[in-house]
Structures are given as structure tokens and as C-alpha cells.
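S.K.: here is my input, please return the structure:
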Amino acid sequence: MTKVSKRMKQAYEKVERAKIYSLEEGISTLSTFPKVKFDESVELHFNLNVDLKSSDQAVRGTVLLSHGTGKKIRVIAFCKGEHTLQAKEAGADYVGAEDLIEKVMNGFLDFDCVVATPDIMRELSKLGRVLGPKGLMPSPKAGTVAADIGKAIREVKAGRVEFKSDKQGGIHVGIGKRSFSSDQLHDNAKQVIEAVVHSKPVAIKGDFVKTLFLSTTMGPGLRIAL
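M.R.: All right, here's what the predicted structure looks like:
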């Protein structure tokens, strides 16, 4: 039997197990949980009504959070020519082309997001086996392949996040840090919920989201009413 820590027991005491919370109530309840030694992330967890065997029911999209994620995002930009200066001015942490591709091929992975211009995607395809399994391969749908690479980088740095359904039909998205105000978490959560709901594939009939939970990194989940 898994041993439950004293801190987690105290958190569970704040939770009504059978209750479905409003978003406002959920965020307020999270603030009463015992704190840990680091600034926990706050996350939304969606369980979707999708057919896992149907490729046309895969869900993917992006959303720009008004208050960011609270995380410093390290961006690596693959581009050439005039785009190199644009990427640097936009705040990319690493910028390059063939030399940078080779560096990643040799094991360099000190970054959180990859952006690229369309003209370098052929060369970048050799990194598919490295970036693909980590969910880092850039794509037009995610807004990480863009001719205006400066804009793409600024949006990622400002708090644009990507979401996509996993093999279990779930979506897990960070909406900020526990140190955020209730209003900031509420605004970000609403934006994520709206973006996910609006990404419903045409092939899906009936309810799209089965359940939605709100949690912190080290805390119990609270079921949220849609």
C-alpha cells in the first residue's frame, strides 16, 4: 500500500471527494493546500470522448495565455539568412542552421521549444527521431513553423502553449504557478478550456469533454464543472 504523506493528508482534508467544483471554487480550494518548497505548477487535465483508433479524432491546438505560464521557456530557433537576426532580436536562446542541427544530433537538448522557418524543414527532418518522441518537432499546426519566426518566438516566450491528446485520450495543460493570483489562474484556465472545447473534431458526436480536473504538481485533483 502506498504511504500517503502528512502534507497530502492535510490537502485531502480540504477536498470534498464527490463534489464537482466550479472553476472559481477549485482555484480557491487549491490555495488552501499545504505549500511545498517550490512554486508548484497548476494544471488542467481533460478526459476526452474520442475514439483512440481514429486518426481524424486526434486533438491538437495552441492557446496564448494572458498571464503566461510562469516558466522561463528556452527556445531554439532553426533558420538562415535574415531570419537569424529576427530570431535573436525576438529572444531565442539558441539560433542556427546546419551547425545547430548537428549539435542536437550529438545530444544537445537544453531547450523547451523548437521553432523553425519553412525553408529549413527539409534539413530539420533528420532530427525527427530525436525531437519527435519528446514532442518537440516543430509543425505549422502548433505555430512553431513560421515565416515570421520573430513573432512565433515572442508568442512562445509570452506564454503560448500547445495542447494535444495523448494515447489515453487525455490532454494535460499547465495554466500557471501556484504563486499566481486567483484572477490570473482563472483567466488562463478559461482560455485553455475554451481553446480545447473549440478544437472538437467534426467526427465526434455528443459530449466532447468527459471530465475535467484541476490540480497542483503535488496536490490532489479537483473535478471541475464545465
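S.K.: contacts only, for Ala225.
M.R.: By CB atoms under 8 Å, 6 or more residues apart in numbering, the residues touching Ala225 are Ile20, Tyr21, Ser22, Leu23, Leu212. In this view, the C-beta of every residue, glycine as well, is placed from N, C-alpha and C.
S.K.: pretty sure the first one sits against Arg223.
M.R.: Yes: with contacts counted by CB atoms under 8 Å, Ile20 reaches Arg223, the gap being 5.0 Å.
S.K.: in terms of neighbours, single out the busier of these two.
M.R.: Using other CB atoms under 10 Å as the criterion, Ile20 and Arg223 rank with Arg223 on top: 17 against 14.
S.K.: what average pLDDT does the longest helix along the chain get?
M.R.: Determined from DSSP state H, the single longest helix within the chain is helix 182-198. Across helix 182-198, the average pLDDT comes to 96.
S.K.: run the chain-centre distance for that helix.
M.R.: Distance, stretch centre to chain centre, for helix 182-198: 12 Å (CA atoms, centre = their mean, to the nearest Å).
S.K.: quick one: list the elements packing against that helix.
M.R.: With contacts taken as 3 or more CB pairs under 8 Å, 6 or more residues apart in numbering; DSSP states H and E, helix 182-198 sits against helix 23-30, strand 41-48, strand 60-64, strand 160-164, strand 170-177, strand 209-216.
S.K.: please save the CA atoms from the last one in CSV.
M.R.: This points to strand 209-216. Provided in CSV are the C-alpha atoms of strand 209-216 (Å, rounded to 0.1, in the frame of the first residue of the first chain):
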residue,chain,number,x,y,z
VAL,A,209,-15.1,16.5,-22.6
LYS,A,210,-15.9,13.7,-20.3
THR,A,211,-14.3,15.1,-17.2
LEU,A,212,-12.0,18.0,-16.3
PHE,A,213,-9.7,18.1,-13.2
LEU,A,214,-7.6,20.9,-11.7
SER,A,215,-4.5,20.1,-9.7
THR,A,216,-1.2,21.4,-8.5
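S.K.: next, the angle strand 170-177 makes with it.
M.R.: Our comparison of strand 209-216 with strand 170-177, counting by axes from the mean of the first three to the mean of the last three CA atoms, to 10 degrees, yields an angle of 30 degrees.
S.K.: ok, now the second one?
M.R.: Between the direction of strand 41-48 and that of strand 170-177, the angle (the same axes, to 10 degrees) works out to 160 degrees.
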